[in-house]
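> dropping a prediction and its sequence here:
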Amino acid sequence: MKKTWPNRPEAMEYFDEISNFFGQREKEIREQKEAGKKLIGYTCMFAPIEFILAAGAIPVRVGSGWYDAAKLGDRIMPVEVCPVIRSTVGAKMVNLSPYLELSDAIITPLTCDGRTKLSEILSDFKPVWCMTPPRVKDDPQSLSLWKEEMQVIRGKIEELTGTKITKSNLRSAIEKMQKATKAFRRLQDLRKGPPVITGRDAMLVSQTSLWDDIERWTQKTNELCDELEKRVEQKMWAFPPDTSRVMITGTPMLWPDSWKVPNLIEESNPAGVLVVDEQCSGDRILYDPVGVDEWTMSDMFDAVSERYLMASTCPCFTSEHGNEDRVNWIMDRIKEYKVDGVIYYVVRGCILYAMEYARIKRILDRMGLPVYYLDTEYTREDVGQMKTRVEAFLEMLEARIDI
Amino acid sequence: MLSWDLASQSTLYRSSLNGEKRMLETIAEILRAIIAVGLVTAGVLAILVWVRNLTRKLSILRLFIQIIASIAIFVILLFWPLPWNPILSGLVFSIALRLTLVFALIVVSTLVLGRFFCGWLCPYVLYMDLLTRLRKALRIPHWNLPEKLNNGLDVLRYVMLASFLAVALIFGVLNADVWRYVIMFMGPFKSLIIVFLSPIEPLIEQTGTALGFEVWGASFHDLRGTINYFNGPDLILITWLVFFAFTAGSFMVRLLWCRFCPVGATLSILNKFSALKWAPILHIDKIEEKCTKCGICKRVCPLQVTEVYEEKGGNVTAPKCIHCFRCLEMCPYEGCLNIKMAGKTIYKSKNWLKEEEE
């Protein structure tokens, strides 16, 4: 599938290699584990990656994107539950995911109901560290609760790895992640112009950061950006510059299988190009940096805690004004990336995203921007039907552009 | 008590100046001013060009301007010869007049620029900033005041201002001496200018004479005489105690004095009435959509201002804000916070992860 796209940047080869769950990266992790390093998995982007890095462990996200594993998960989880959860359970049942199998402990932030019970199921096999993010993030009491949670997690990470998180190793971890954010933002800035990279490639790049060695990933992403900058000068576009620009928001799309919708969007006729997304499997992974004012332990700790709670636009949050941060994020991206239409992607059972649709739609309607609610499942059976729906939406977008 | 003899010396010196010499002096003054302005401009440009780290650029620029401003203020206070005018009730009046002028300048500039004076020119802020920098270098974590206390201190500044003005009005009926007294109390530091410099008093005089400027140092005597005349030994002791208390306090709590400094009350008063909110043409503007409420602005603010974080958008300048622009410098979202002057954006928050491009 990957090889069929014409004119792919050469630097993408590295990301193809690293996206293989059973290849180079798995071997590396096995070697590092034998050398005494610990692997700490996490199910959700609330886990403090800086702390894991500072303690010398390897962070890796263990949520599963395998369609077939979701079928297996049905035996334990009711079918009404989000397939991301069912698939992760299924992957555990057949020991499919090497990262999940190799991890020494799993951090499970209890954001939605699915993840809460997923944590219970995983606790039968692995040490599981729960984190409770508050549902209202603006209140001072929420922040103090969250900081206490972070303090506990920090203690657990230190206990597992036997390494104390000190000022110097936390600082170098923060700086590593800042460099990764810098590289990621560089890639994002390139996507603001005419489509020089396909949305799927960009998604692959940001998703590999979830399990790759972050320093090497940063270097390779910068190499990719160098190549793309050359392509911009040569006006070598991945799609014709007048292709409809689509934003995708909603449920995370996890590698490897759950890329049905991006494939449909970019391979349909007329094609659309994914320029930006609002997903915790995409742009939200690395977009927000940790901003440290003073390099003291307390300030670094606060900075890391705040970055994971406050900057997040997860739909598990609410406030008296609704989840306005998410609305703002979407509105800003629409303007910055000159988005023509939004696809609101929801898998069946992902009720938090599904319930927020009405509010988001109301605001996008006010902006005069078409939004399409695309609900699907972890299955290949509905591809034909989905294709029709996506094509109808893209045709409508194209007609709008022509006008 | 006053050093009359020196004052009269100064008068004699002045009267002995003939027209030609005075003109040369004036030209020299102008040349010196041009050189000074040139050096400052060169420094500002050098910082703008050479400082690549965007999380420090504004801070370093601010530090540079603070140092220049503090030097200028001290030079003006100490070396600017005081005119001796017997008609206008003498020396005391002229000091009071000068300080009143400074105060008037602060008020007017506040009307136009907001509390720009506080953040960029005030020598006491520089002193507290240097303490903060020392603390940062020693890697000692700072203390945050509880939000309620911080807001309470913001009210205290009006109480202080009101009581000073009341004292002045009741006892002084706009007497110049009392006004001077009022202004002197505006900062614990200001009346200490003289106490600080007393040990080098001979040096000031001798250097001035050696360089051929006999007037240098004359002002110092006048100023010290005046202040000592009004500040009895008890008062000086109290000032010292206050000064040490605040030095220790501002070492641990960032910009402690600014949280209730009465000088800063002017903009605060303006900002209290929403009808007057447009008045200061310099303000921080926030674009709501770009904000993810990551909370960095709230955490890095040395005065623990919460408005920038809490308010939805538009003009987010708080009465407490001293325009240090630290929030803007640390905001990682491009164009989310903007410095606006008379409706025009003059600086905006940048993606500080990338070093500034050529």
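Looks like it came in fine.
> give me the low-pLDDT residue ranges for the stretch 251-400 of chain A?
Nowhere does the stretch 251-400 of chain A drop to pLDDT under 70.
> before we move on, what's the pLDDT of the residue in the stretch 51-200 of chain B that chain A sits nearest to?
The nearest approach of the stretch 51-200 of chain B to chain A comes at B:Pro141, 4.2 Å away (Cβ to the nearest Cβ). Placement of C-beta: from N, CA and C, glycine included. B:Pro141 is assigned a predicted lDDT (pLDDT) of 90.
> then A:Thr4?
58.
> contacting residues for A:Phe15?
A:201, A:204-205, A:208, A:220, A:224 (Cβ atoms under 8 Å, 6 or more residues apart in numbering or on different chains).
> again, 7 Å this time
Shown in contact with A:Phe15 (Cβ atoms under 7 Å, 6 or more residues apart in numbering or on different chains): A:204-205, A:208.
> next: A:Val89.
Contacts of A:Val89 were listed using Cβ under 7 Å, 6+ apart, and they are A:73, A:76-77, A:118, A:121.
> next, give phi and psi for A:Ser244.
phi -60, psi 140 (degrees, to the nearest 10).
> I'd say it and A:Gly341 touch.
Yes: between A:Ser244 and A:Gly341 there is a contact under Cβ atoms under 7 Å: 6.4 Å.
> what sits in contact with each of those two?
With contacts defined as Cβ under 7 Å, 6+ apart, the residues shared by A:Ser244 and A:Gly341 are A:Leu397.
> returning to that earlier point: which members of the contacts of A:Phe15 are positioned in helices?
Among these, DSSP state H puts A:204-205, A:208 in helices.
> closest to chain B out of the residues you listed?
Within the ones in helices among the contacts of A:Phe15, the smallest distance to chain B is 16.8 Å, found for A:Val205 (Cβ to the nearest Cβ).
> which non-adjacent residue is nearest residue 288?
I'll assume chain A. Computed as Cβ to Cβ, 6 or more residues apart in numbering or on different chains, the closest residue to A:Asp288 that is not its neighbour in sequence is A:Ala311, at 3.8 Å.
> can you look at chain B instead?
Counting by Cβ to Cβ, 6+ apart, the residue nearest B:Glu288 is B:Gly313, at 3.3 Å.
> does the one you found touch B:Asp285 like I think?
No: using Cβ under 7 Å, B:Gly313 makes no contact with B:Asp285, being 8.1 Å away.
> burial count for the closest residue to B:Pro302 other than its chain neighbours?
For B:Pro302, ignoring the flanking residues on the chain, the nearest one in space by Cβ to Cβ, 6+ apart is B:Arg254 at 3.9 Å. Number of residues near B:Arg254 (other Cβ atoms under 10 Å in any protein chain shown) recorded here: 27.
> next: B:Leu149.
Quick note: B:Leu149 (other Cβ under 10 Å) scores 12 neighbours.
> and it, what element?
Here B:Leu149, judged by DSSP states H and E, is contained in helix B:147-167.
> what packs against that helix?
Secondary-structure packing of helix B:147-167 (3 or more Cβ pairs under 7 Å, 6 or more residues apart in numbering or on different chains; DSSP states H and E): helix B:265-272.
> following the helix it packs on, which helix or strand comes up?
strand B:282-286.
> now A:Glu215: which helix or strand?
helix A:214-234.
> returning to that earlier point: and B:Gly313 and B:Asp285? which has more neighbours close in?
Using other Cβ under 10 Å as the criterion, B:Gly313 and B:Asp285 rank with B:Asp285 on top: 18 against 14.
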